[in-house]
Every structure is written in C-alpha cells, then in structure tokens.
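K.L.:
Generate coordinates for the sequence data below:
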Amino acid sequence: MYEPTWESVATHPLPQWYDDAKLGVFLHWGLFSVPGWATQVPDIQELLRTHGPKAMLRDNPYAEWYRNTMQIEGSPTQAHHREVYGTDFAYDDFIPAFDAGTATADLARIASVCREAGAQYVVLTTKHHEGFTLWPSEQVHRTKGAYHARRDLVGDLAAEVRAAGMRMGLYYSGGYDWPWNDAVLANPADAALAVPADPAYLEYATAHVRELIDRYEPSVLWNDICWPAGGNLAALFAHYYDVVPDGVINDRWLEAHGTDSSLAAHLEHAVGDAIQLLWRFIPEGAKSLTFPSAHHFDFTTPEYSSMTSIVARKWESTRGVGHSFGANRNERPQDIVTATDLIRSFCDIVSKNGNLLIGVGPGPDGVIPEEQVRPLAGLGAWLAVNGEAIYGTRPWLVAEGATTEGTPVRMTRRDGEVFAILCGLPGRRDVGLWDLDATGVSEVRMPGLGQPLAWRVEDRRLWVDLPERMPVGAAHVLALTGDVRPFSG
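P.N.:
Model (predicted):
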C-alpha cells in the first residue's frame with residue numbers, strides 16, 4: 001500500500017493560478033465579531049518590538065483574540081468587557097447574537113466586496129483560536145460538544161465566492177483551540193503550552209481538516225500557528241492534493257512538542273519568563289512575530305511585514321486593513337490603511353514575488369464596515385486600470401528603482417514587457433528612470449491612455465514625457481517594450 005512521504009508531497013508544483021492571482025481577501029469571522037473590540041495600539045509587530053511578548057498579549061490589537069485577552073487580568077479588553085457586558089457574561093453568550101446575525105447575512109455582498117477589490121481568491125476563518133467552527137462539523141468538541149454556527153457559512157460563502165469568479169480558500173487554527181485545555185495566553189511560555197498535546201485533539205483537528213477538504217475542496221488550505229505532534233501530516237497533505245490537485249498549502253504547519261509532562265511545562269515557563277526578562281537585550285532583527293515553516297509548504301506567510309528584495313520562494317504578505325484582522329470598533333480612522341498606501345505596498349509586494357492577503361472583518365450580520373471597504377475599493381479601482389502590471393506578472397531582475405527626482409519605482413514583467421510602477425507623482429512631466437538600461441526599448445506606453453508616450457534614451461537611461469494631464473492615482477504604470485536590462489555603470 002502506498003504511504004505518502006514528505007519527499008513525495010514535495011513534488012507538488014506551485015500552481016500557476018496562485019502565482020498569477022496576486023491578491024486575496026482574508027475574512028475573519030467568528031464569535032469575536034459580536035463584541036468587535038480590541039485595544040487601540042500600533043501594529044502588533046511594533047508593539048512586540050517595543051514592549052515584548054507579555055505586553056503584546058495584554059494589549060493585543062487583534063479583535064479576533066477577544067476571548068483570550070478578556071481573561072488577562074488588567075487588560076483593556078477585560079475592562080471593556082466588564083463595562084459593556086458585565087462580569088457574569090461568558091464568551092459563549094455571544095453565540096445567540098452571532099447565529100441571529102449570520103442567519104440573514106448577505107454572503108453575495110461579501111463576495112462582491114472581494115471581487116470589486118480585484119481579489120482572485122478569498123480565505124475564510126473556518127475555526128479561529130476560539131474553537132467555534134463556521135460549518136456544521138460532525139466532530140464533537142471535548143469541552144463544548146457541538147460547537148459550531150447554526151448556518152453553514154463555509155459552504156454558503158464558498159458558493160457565492162465561486163459564483164463571483166474567485167477561488168475559495170479556508171483557514172483553520174490547528175495550533176490553538178483555547179477551550180480544549182482552557183488555555184489563556186498571558187506570557188510567552190503560554191504560547192507553547194496552549195497547543196493541546198492531547199492525542200485526542202490531534203484526531204479532532206485532523207478530522208476537521210479532512211471534513212473541510214472533502215466537503216468544500218478549498219483552493220487554499222491555510223493553517224495557523226502550528227500543528228499538534230504525532231499523526232501523519234504528509235498523508236493529510238497528500239489527501240488534499242488528491243482532492244484539489246491545484247491547491248496550495250501555507251507554511252504554518254510546524255508540528256509542536258508532543259508532551260504535556262510537568263517537567264516540560266516547567267521548562268516552557270522558565271524559557272518564556274527568560275525571554276520576557278531579557279527582551280531588551282535581544283537583537284532588534286529577532287524581535288518580530290514569525291511562524292517557523294513546516295516540512296512542506298507552497299508559500300510562506302509573513303505577517304505585517306515586508307521584504308527588502310526579491311524572494312525566490314513564493315510568499316504571501318498577510319495583514320488587516322487596520323491593526324486587527326477582525327473588525328475592531330475601537331480603531332480610529334488613522335488606524336486604517338489608506339487606499340494610496342495599500343496600493344503602493346501591494347506593488348512593492350508583487351515586485352518581490354509576493355501575493356497580498358488583505359484582511360477585513362464582517363460583523364455578525366455579515367456587513368463589512370465601510371471604513372474597511374474603502375481602501376479595498378480604491379485598490380480595485382486602481383487595478384481595473386493597471387492590472388496588467390500586476391496579474392500574471394513575475395518579478396523583474398531588479399525589484400526597486402527610482403526616478404531621477406527620487407520617486408520610488410517598483411518593477412514587474414510579463415509577456416515581453418517590463419512594467420515600471422511609479423509609486424508617487426513626479427514633480428515634472430519629463431521623467432528619467434535611473435535603474436534600467438533602455439538601449440533596447442522600442443515602445444513606452446501608459447495603461448489606460450490608449451496610446452504610446454513620447455520618450456528618448458540619453459546615456460542609456462530612459463526619459464519619458466508624461467501626459468500633460470496625469471490621471472489621479474497612487475501609482476502610475478509605464479509599460480516598456482523591448483530589451484530592458486538593469487543599468488550597470
């Protein structure tokens with residue numbers, strides 16, 4: 001009988017559709033959507049670098065972590081919960097409001113928001129760390145019993161997403177299931193101990209993922225945190241690829257420790273306490289929220305971070321439109337990324353071989369807050385004109401450049417053309433590009449104008465006459481035809 005191995009699973013090639021897609025929307029939806037609240041702080045990477053992991057957990061800006069943060073003594077979320085809902089209001093008391101809201105949620109509208117943003121795929125949180133599933137699973141939770149939404153939100157949304165011409169991806173929190181072992185993460189040591197080391201949990205999580213694969217055939221299988229030790233993860237991956245041959249798997253499947261002994265617990269706590277105590281002595285480059293990769297994956301998932309150069313292995317930048325993935329009613333307008341910044345960041349990501357998975361959070365009624373929709377709509381409008389410089393492209397030989405005036409430029413390529421994306425509006429019409437050799441250029445055009453631009457080559461550098469009336473936009477694309485090479489002095 002054939003037994004899958006990591007070597008056999010590794011033969012799976014990265015599907016072209018995923019490399020071409022560039023943009024996905026990450027939907028964080030769950031019981032946390034009812035309170036929809038988290039602390040008002042800078043992004044989580046900055047919070048971690050400045051104050052360390054203990055403060056990051058206490059002042060967590062992620063609204064989807066509400067269940068955990070409300071249990072940390074002295075946290076702003078705990079104070080908020082007691083003030084709004086009272087000390088006797090348990091987290092599971094949000095279930096009736098969630099079921100009532102989702103019963104009539106317009107899932108076609110959610111799909112439409114994603115489609116209008118220019119997304120090619122959508123990823124939904126089928127079970128976040130809170131343990132509550134968005135599909136009627138046959139699995140029985142050890143402490144909660146039948147712990148799932150009344151409506152099959154996974155199946156119903158998948159149908160709408162696919163009807164809108166996008167692919168459906170599914171997120172699953174394999175590393176954490178807080179109710180399973182009544183975990184509360186209040187310090188660095190808890191992060192490891194919160195991963196259930198119970199063989200029954202491994203069986204439960206594996207059965208969950210197999211249900212998701214067999215029922216919904218997701219184009220993206222997106223696990224979070226890690227995976228419980230034991231079992232046969234290679235076989236699970238092989239099953240997924242058998243069901244969805246052009247599916248993709250992310251990197252957050254590193255198998256956790258396999259023991260829950262008292263000695264192991266004491267060691268974990270000792271290491272965690274030492275990390276917090278010595279945080280100010282840790283090199284700045286190591287102070288980041290990272291997820292070690294598993295034996296096999298199709299792409300990596302850096303969170304709220306960027307790359308400085310082209311990365312050979314496919315990656316997916318993941319972030320929310322604000323400092324949270326789930327909707328946070330406590331966020332200010334200045335906490336939400338502007339369409340301009342989102343577009344320029346997206347161009348930077350694509351130029352370095354990345355996709356962007358941008359996160360928004362519907363309320364319990366399925367409505368995505370307007371302040372979250374606005375930057376997505378701006379990105380979609382820009383892509384409607386300039387999408388040829390993004391979709392289906394690959395990194396050029398150099399990712400970053402600049403105009404003669406210092407306007408940042410990002411480079412992509414496709415079908416014999418090189419696209420120079422000006423991330424800003426130059427202060428003059430006559431613009432030169434420093435970082436490419438234009439000796440072999442035969443044509444320069446700007447998508448959306450419908451005609452070539454006037455241009456010239458001086459000392460091998462390209463000079464372009466921009467239109468007298470430049471269209472308003474966060475970034476402007478120059479499509480260069482011919483033999484374009486990096487400039488070398």
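K.L.:
quick one: low-confidence parts of this protein?
P.N.:
The model of the chain has pLDDT under 70 over residues 1-2, 257-293, 489.
K.L.:
hmm, try it at 80
P.N.:
Within the chain, the segments meeting pLDDT under 80 span 1-2, 42-52, 188-189, 191-193, 257-294, 450, 489.
K.L.:
Can you pull the phi/psi pair for the residue nearest to the spatial centre of it?
P.N.:
In the chain, the residue lying closest to the centroid (Cα atoms, centre = their mean) is Thr318, at 2.4 Å. Dihedral pair for Thr318: phi -120, psi 130, per degrees, to the nearest 10.
K.L.:
And for Trp227?
P.N.:
According to degrees, to the nearest 10, Trp227 has phi -140, psi 140.
K.L.:
Give the bridge partners for the residue nearest to the centre of the chain, please.
P.N.:
Bridge pairing for Thr318 (DSSP bridges) gives the partners Glu303, Leu357.
K.L.:
Could you check how far the residue nearest to Arg313 when sequence neighbours are not counted is from Ile310?
P.N.:
Excluding the flanking residues, the one nearest Arg313 by Cβ to Cβ, 6 or more residues apart in numbering is Thr300, at 6.5 Å. Where C-beta positions appear, they are placed from N, C-alpha and C, glycine not excepted. Using Cβ to Cβ, to the nearest Å, Thr300 is found at 14 Å from Ile310.
K.L.:
Kindly report the same for Asp43.
P.N.:
24 Å.
K.L.:
for Ala119, same thing?
P.N.:
From Ala119 over to Ile310 (counting by Cβ to Cβ), the distance is 23 Å.
K.L.:
which of these two has more neighbours?
P.N.:
Remark: of Ala119 and Ile310, Ala119 carries more neighbours, 28 against 17, as counted by other Cβ atoms under 10 Å.
K.L.:
Ramachandran coordinates for the more buried one?
P.N.:
According to degrees, to the nearest 10, Ala119 has phi -70, psi 150.
K.L.:
Tell me the gap between the helix or strand hosting Ile349 and the middle of its chain.
P.N.:
Using DSSP states H and E, Ile349 falls within helix 339-351. Put simply, helix 339-351 sits 14 Å off its chain's centre (Cα atoms, centre = their mean, to the nearest Å).
K.L.:
Other residues contacting that helix?
P.N.:
With Cβ atoms under 8 Å, 6 or more residues apart in numbering as the test, helix 339-351 has contacts from 22-23, 306-307, 310, 317, 321, 337, 355-356, 358, 374-379, 382, 389-390, 393, 395-396, 399-400, 408, 410-412, 421, 423-424, 473-475.
K.L.:
list the contacts for the nearest residue to Pro196 once chain neighbours are set aside?
P.N.:
Closest residue to Pro196 apart from its sequence neighbours, by Cβ to Cβ, 6+ apart: Trp180 at 4.8 Å. Neighbouring residues of Trp180 by Cβ under 8 Å, 6+ apart: 131, 141-143, 196, 198, 201, 204.
K.L.:
which residue ranges form the helices in the stretch 151-300 of the chain?
P.N.:
153-163, 188-193, 199-216, 233-243, 262-277 (DSSP state H, counting those that start in this stretch).
K.L.:
Can you lay out those as CSV showing distance to Thr69 and mean neighbour count?
P.N.:
Below are the helices of the stretch 151-300 of the chain laid out as CSV (distance: least, Cβ to Cβ, whole Å; neighbours: other Cβ atoms under 10 Å):
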stretch, distance to Thr69, mean neighbour count
helix 153-163, 24, 20
helix 188-193, 13, 20
helix 199-216, 23, 18
helix 233-243, 30, 19
helix 262-277, 17, 13
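K.L.:
residues in contact with Gly322?
P.N.:
Applying Cβ under 8 Å, 6+ apart to Gly322 gives the contacts 328, 331, 335-337, 372.
K.L.:
quick one: what helix or strand has Ser8 in it?
P.N.:
helix 6-9.
K.L.:
who does that helix touch, helix- and strand-wise?
P.N.:
helix 233-243 (3 or more Cβ pairs under 8 Å, 6 or more residues apart in numbering; DSSP states H and E).
K.L.:
which SS class is the residue nearest to Met70 when sequence neighbours are not counted?
P.N.:
Distances taken as Cβ to Cβ, 6+ apart put His81 closest to Met70, at 4.5 Å, once the chain neighbours are dropped. Three-state call for His81 (DSSP: H, G, I helix; E, B strand; the rest coil): helix.
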